[in-house]
Every structure is written in C-alpha cells, then in structure tokens.
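*Asks:* model the following, please.
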Amino acid sequence: MQINAFGIDVYDNDRGISHCASGLYIEGSVFDHCCQSNACASGEGLTLEIRALKRITIGEEITYKEVDYPGIGHFTTDDFYDPTYRPVVFLPQSPQHINTKFLLHTRKNPTDHQVITQGDKEAIKKSNFNAKNPTKFIAHGFLDNQLFGKWMIKMKDEFLANGDYNVFIVDWSGGNGLPYGQATANTRVVGPVLALLINDLKEVSGLQLTDVQILGHSLGSHVAGYAGEKLKGQVGRITGLDPAGPYFEGLPAAAKLDATDAVFVDAIHSDARHLIPDLGFGMYETSGHLDFYPNGGHDQPGCDTQRWTSVITDGLFEGVRRLVACNHQRAVDFYTESINSKSIHGVGYQCNDFESFTAGKCDQCGPNGDKCAVIGENAKLSQKYVFMEWAISAMTSSPLRPNAKLSQKYEKTTQNTRFFLSTTGKTPFFKYEFEIRVRLPEETPDSSDNHGILMVTLHGDNDEQITLNEKDQIFHLGQTYTFIAKFDYKFGDVKKVTFKWHRTLGGIIKQKMWIDSITVVPLSSDHILDTQAHLKEIKTFCTVNRGEAIQNEKDVDFDVICK
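*Replies:* Numbering: from 1, shown residues only. Reported below is the predicted structural model:
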C-alpha cells in the first residue's frame, strides 16, 4: 500500500497502514506511539519510523526491512528465514501494540487478578507478590485469551490449591491473532517483555530466578524460550506444553524453545504431526532436557469423542477449541492433572519410538535412573537424579546461550531423547501401572508349549484380578512374556500373585501349563527414580515347587520370593 506523508512515498506491504490526525500511522509500529503522542505533526514520527525501518526507498518498494525496539531487540525480515519451514517472515509489532499484561493471582487473591505491566514497579510494590514463594508464569498461544482459554484459569486454580505460589497469567492477546505468521513474529517481543518484567520483580522484591517457572502452550512455549534466552538461561524451569510446530520445526535452536533457555526445560508433545495434511499443531522435534510423548505424541485417546461432546460438557468456547485442537490441548490437560499432589505419577520411558515402548522393549529406568522420568509438575523429581551435574553447570555458567558447554553426562543422558508413556482418554489420565513378566521354564521331557489366556490376581492392600492377554496366544518354554496392568489408584506393595490360565482352541488337547516365575515391577511408584529404592520394590514370585505344571482353570499361588 502506498501512503504519502510529508511528501514521501513509503511502501509497507505487511502492515495495515492508515492516516491519523497528526500524520502517518502504521499500526503496531513506532508510528503507533508517535501518533498517540501527537508527535507526528512536527515530523518527529517520520524520523522515528525511518530509524526503525532502516532501509527504505523513496518512490519504490522497500526491499529489506528491519525494526528496532529499544530494550527488546532488533528484528529483520531475514531472521530465521527458511524457504521450507518459514518462507514468509513478518516483523514483530511493537510492545505498545501487543500490550502484554501480567495478571497476578496468589492465595490472597485467587479469583480477582492484579494487573501488572512491565516497568510499573509501584504496581509490584502494592501487589500481593511475595518473592519468598515460587513464581509461575502461564503463557497462552495463538488466538487464546482468558475467555477462550479457560485452561489458564483451571491451571492457576490447581497451582494455588496445591501450593503457595505467585501465579501470573501472561495475556498477550493483543498480538496473538491472525495471521499466524504475525503472531509467530510477536512472540519475539512478548518473550523479552516477560523477561524485563521478571527483572523488575527481581529488582523490587529480590526474586530469585531459580524460583521461576514459565509454562507456555503452543506459541507460548516459544514466548517462554525467548524470555529464558533474554535472562541468559538462568530461569529455574521452562515447560513447553505442545510447543508450536508450524514456523518453528526444522529451524535452528535460537528460533524456538530449547534446552539452553533455562536450568531445566521439559516439554510435553501431544499433537506432533505436520500441519499439512494431518492438521497437527505441535512438533516432534525435542525441545528440552526431558521431552515426553504421551501415546506417541499424537492421536490422543478420547479426542475423537471429546471433539463432539465438549460443546455440551464444557460450553461453546471450550467446545470449539476441542473440536479444532483436542490433541494440541491434551498437553495442558496432562500437566494440569499432574499438579495435584495426590495424583498418580505418569512415568515416561526413554525409547526410540512408541511402537518399541508398547512392545515392552523400554521398561527399565536404568542403573542410574536416567532411562525414565515423571511427566508434568513432578518432572522436577527427575531433575534430582538426571540433571544434578547439569544444574550445577548451569548455575555457574553465564551466558548459557547459544553455545554453552554442557556437561558430558547431560549430553549423553537426555539431550535429543524421547520419553514415551500411555494414558487413558479422560481424567484421570494417568494410571498406576505394573509391568508383569511371566517366565516359562526351560524345556524338559515332561513339559511343552501351550496356548491360552493368562490371568493373575495381585494381592496387597487390595486384591485385583487382571487378564493379561485378551486373545489366544501361544507361550513357548524358555521365554518371558511381558504385560502391563493399570489401576485407577495407588495399589501399594504386592505381597503375592495368584495365577490361573484358560485353555483355548489352540491348545485344546493340552491340560497343563508350566510357569517358572512371575515378576511384578511397579512402574508408577513414588520411588521410580531412586534406583536402589525401586529395585527393592521389584519382586519375583515362585510357587513352593518351582516350575510345576498348572492345571487348566486352577488357581495357584505364587507366594514365595524366588532365589
């Protein structure tokens, strides 16, 4: 569009441009502030804009654009350009246009927020902010706001119900609208503004950066990353909730959330498919120290049904949200449930892919406890066992971005690895899980393979019977077969196992089955990350006469700890 101001023709095809009473107005640019302050009449606004758009030509189109927002950053249309992953680069709109607000909730004001804007230190002093308490920032993504994104309120409420926190909702709804490319660019302004606000809190109240966690959903994950970058990676924790994939996946680490943005970075990937043709909004690439891929990171259980029922159960706005992006939202659901201190831990296991995980090939925490990790709020428990050396390195290294030297232990342990787990299709999403290993003895002249359906009853504070295989299966001598049992509650210690098998057509003429031992591994134990304590919870049970033949449909107790 061509606009004439003070006799100069300026082209800017990416912005909405209009006149204001005192001169040229380019929405979201330096002119935004200029016209509001009536500075344009003197030509001051024009001077500012020429400074901001460093290369312009008179009477011709702009061929190269850049903008500078003091204290925030310098941006150009070449930044992170990629012909495949980011073919169009927008300049971010001004901080004044985006107008990021920070809505503070504490236990003193759990419902009515206190509005704090960056730079308003008096507002901080008058607020209920308490630097002695941990601080959480919740940043939304594309098209979200408080009305459309009720999840932020729910997450805030869950935090305050379980701890004495300062909880800020980061409202950048002035810059997260269409087009998506513009919202993507605006994250590069919102992140630094958040970082400046954190520095304000640090200056006014003595806030410790290690007490800060920034949680971001979708584009909000990258807002968190840019804030962490601005703070030189010294924020205690950043959590990415299905970090946005379009315009980020495939780009270098500096363009998106990555492990150098905080002392500890964890991410939950729940919609890790490409936007085209699969309508995936997340990314499959790893984003932090711990990257979780529930149910493989896509096609979340329950979403096919919830897309159509949520309008009735959750209201119009939330229903529309679920209809369009149920998988994308699941990362938020998983994390919110994990905040409750009484909830069951969801445990992810390091594996190459979800298929290998479901086949039972990745079910061990490893000798150092670094092959498994707790998803959600309690991922910080994993930090104790996996990242101690990294945490020490991070706290004593500055700057950490972009090419900080990381400890060898950290590099070899978790970087670029994925943790997989299964969930249900509705809350509670996490089940208390046991791995049950049934071992058959080596072949003898009297024993043989057999078909059947296996059932076990676990005896502890409660007794629960589980069918291990729903369909007919052949069981070979000398082999071990692995199954997963799930419960809605913390089962506790298993004291013995009762075994029974049901003959099927495949083994109709065989009346006996030989079982050597049954091993029970609690996968959701509170001690899952403490290797020595967890090893004590793994029990292998035998019968008094180990390896004896078991008749069809007969209950046999495995109540002896095998030696």
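
*Asks:* going forward, measure contacts and count neighbours with C-alpha atoms only.
*Replies:* OK.

*Asks:* I'd like the next helix or strand past the lengthiest helix in the chain.
*Replies:* Looking across the chain with DSSP state H, the single longest helix is helix 180-205. Note on helix 180-205: by DSSP states H and E, the next helix or strand toward the C-terminus is strand 212-217.

*Asks:* mean confidence for that next one?
*Replies:* For strand 212-217, the mean pLDDT works out to 98.

*Asks:* hmm, R273 is touching M283, no?
*Replies:* Yes: with contacts counted by CA atoms under 8 Å, R273 reaches M283, the gap being 6.5 Å.

*Asks:* just the buried residues of the longest helix of the chain, please?
*Replies:* Of all the residues in helix 180-205, those buried under the rule 16 or more other CA atoms under 10 Å are 180-201, 205.

*Asks:* where does the closest residue in space to F129 that isn't next to it in sequence land on pLDDT?
*Replies:* Distance criterion CA to CA, 6 or more residues apart in numbering; nearest residue to F129, sequence neighbours excluded, is N166 at 6.2 Å. For N166, the pLDDT comes out at 99.

*Asks:* what is the burial count for the nearest residue to L219 once chain neighbours are set aside?
*Replies:* Spatial nearest neighbour of L219, excluding adjacent residues (CA to CA, 6+ apart): G141 at 4.4 Å. Look at G141: counted by other CA atoms under 10 Å, it has 26 neighbours.

*Asks:* separation between G141 and Q300?
*Replies:* To Q300, G141 is 20 Å away according to CA to CA, to the nearest Å.

*Asks:* list the contacts of A267.
*Replies:* A267 makes contact with 239-243, 286-288, 290-292 under the criterion CA atoms under 8 Å, 6 or more residues apart in numbering.

*Asks:* tell me the SS of it?
*Replies:* Counting by DSSP: H, G, I helix; E, B strand; the rest coil, the backbone at A267 sits in strand.

*Asks:* skip the chain neighbours and tell me the closest residue to it.
*Replies:* G240 is the one closest to A267 (CA to CA, 6+ apart), at 4.4 Å.

*Asks:* just read off the phi/psi values of that neighbour.
*Replies:* phi -100, psi 120 (degrees, to the nearest 10).

*Asks:* in the sheet, which residues pair with it? Tell me.
*Replies:* Beta-bridge pairing of G240 under DSSP bridges involves G216, A267.

*Asks:* count of neighbours near it?
*Replies:* 31.

*Asks:* surely it meets Q213?
*Replies:* No: the criterion here is CA under 8 Å, and G240 misses it with Q213 at 10.7 Å.

*Asks:* all strands for the stretch 451-563 of the chain, in order.
*Replies:* Taking DSSP state E, counting those that start in this stretch as the criterion, the stretch 451-563 of the chain contains strands spanning 463-467, 473-475, 480-487, 496-502, 512-514, 517-522, 539-542, 549-551, 556-558, 560-561.

*Asks:* what's the closest of those to E355?
*Replies:* Closest of those to E355 is strand 480-487, at 14.5 Å (criterion: CA to CA).

*Asks:* let me see the mean pLDDT of that closest one.
*Replies:* On average, strand 480-487 scores 89.

*Asks:* what angle separates it from strand 463-467?
*Replies:* 130 degrees (axes from the mean of the first three to the mean of the last three CA atoms, to 10 degrees).

*Asks:* okay, and for the stretch 251-400 of the chain, where does confidence drop off?
*Replies:* 275-279, 305-324, 383-400 (pLDDT under 70).

*Asks:* residue ranges for the strands of it, please.
*Replies:* So, for the stretch 251-400 of the chain - with DSSP E, counting those that start in this stretch - the strands run 264-268, 290-294, 347-350, 372-374.

*Asks:* reformat the ones you listed as JSON lines; add distance to G233.
*Replies:* Listed next are the strands of the stretch 251-400 of the chain as JSON lines, based on distance: least, CA to CA, whole Å:
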{"stretch": "strand 264-268", "distance to G233": "9"}
{"stretch": "strand 290-294", "distance to G233": "16"}
{"stretch": "strand 347-350", "distance to G233": "25"}
{"stretch": "strand 372-374", "distance to G233": "22"}
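
*Asks:* of those strands, which is nearest D446?
*Replies:* With CA to CA as the yardstick, what comes closest out of those is strand 347-350 (39.4 Å).

*Asks:* parallel or antiparallel, which strands does that closest one pair with?
*Replies:* Counting by DSSP bridges, the strands paired with strand 347-350 are strand 372-374 (antiparallel), strand 419-421 (antiparallel).

*Asks:* thinking again about what came up before, mean pLDDT lowest where, among the strands of the stretch 451-563 of the chain?
*Replies:* strand 480-487 (a mean of 89).

*Asks:* so which elements touch that strand?
*Replies:* If you count contacts as 3 or more CA pairs under 8 Å, 6 or more residues apart in numbering; DSSP states H and E, strand 480-487 packs onto strand 432-439.

*Asks:* P367: neighbour count?
*Replies:* 11.

*Asks:* ditto for the one 5 residues further on
*Replies:* The number of residues packed around C372, counting by other CA under 10 Å, is 28.

*Asks:* ok, P179 next?
*Replies:* Neighbour tally, P179, other CA under 10 Å: 11.

*Asks:* any idea of the angle the longest helix of the chain forms with strand 212-217?
*Replies:* For helix 180-205 against strand 212-217, the angle by the same axes, to 10 degrees is 160 degrees.

*Asks:* which helices and strands does helix 180-205 pack with?
*Replies:* Helix 180-205 sits against helix 95-98, helix 121-126, helix 219-230, with contacts defined as 3+ CA pairs under 8 Å, 6+ apart.

*Asks:* now it, how far from the centre of its chain.
*Replies:* Distance of helix 180-205 from the chain centroid (CA atoms, centre = their mean, to the nearest Å) equals 20 Å.

*Asks:* so that helix versus helix 219-230, what angle?
*Replies:* Per the same axes, to 10 degrees, the angle that helix 180-205 makes with helix 219-230 is 50 degrees.

*Asks:* helix 180-205 - what's its average pLDDT?
*Replies:* 98.

*Asks:* mind giving me the packing neighbours of the helix or strand hosting M152?
*Replies:* Assigned by DSSP H and E, M152 belongs to helix 150-162. If you count contacts as 3+ CA pairs under 8 Å, 6+ apart, helix 150-162 packs onto strand 166-171, helix 316-339.

*Asks:* who are the neighbours in contact with the residue nearest to the spatial centre of the chain?
*Replies:* By CA atoms, centre = their mean, the chain has its centre lying nearest to I268, at 2.7 Å. Residues near I268 by CA under 8 Å, 6+ apart: 239-243, 291-294, 331, 375-376.

*Asks:* grab the nearest non-local neighbour of D557.
*Replies:* Nearest one to D557, counting by CA to CA, 6+ apart, is T498 at 4.4 Å.

*Asks:* that neighbour contacts L454, doesn't it?
*Replies:* No: using CA under 8 Å as the test, T498 is too far from L454 to be in contact (10.9 Å).

*Asks:* for the residue located most distally from the centre of the chain, grab phi and psi.
*Replies:* For the chain, the residue at maximal distance from the C-alpha centroid (CA atoms, centre = their mean) is P445, at 54.5 Å. Note on P445: its backbone torsions stand at phi -60, psi -30 [degrees, to the nearest 10].

*Asks:* run through the strands of the stretch 1-150 of the chain in chain order.
*Replies:* Using DSSP E, counting those that start in this stretch, strands in the stretch 1-150 of the chain cover 2-5, 8-11, 17-20, 23-26, 66-69, 73-76, 101-105, 114-116, 135-139.

*Asks:* how many other residues sit next to Q364?
*Replies:* Other residues near Q364 come to 16 when the count uses other CA under 10 Å.

*Asks:* skipping its backbone neighbours, what lies nearest Y432 in space?
*Replies:* F487 is the one closest to Y432 (CA to CA, 6+ apart), at 5.0 Å.

*Asks:* quick check: that neighbour vs M283, distance?
*Replies:* F487 is 31 Å from M283, by CA to CA.
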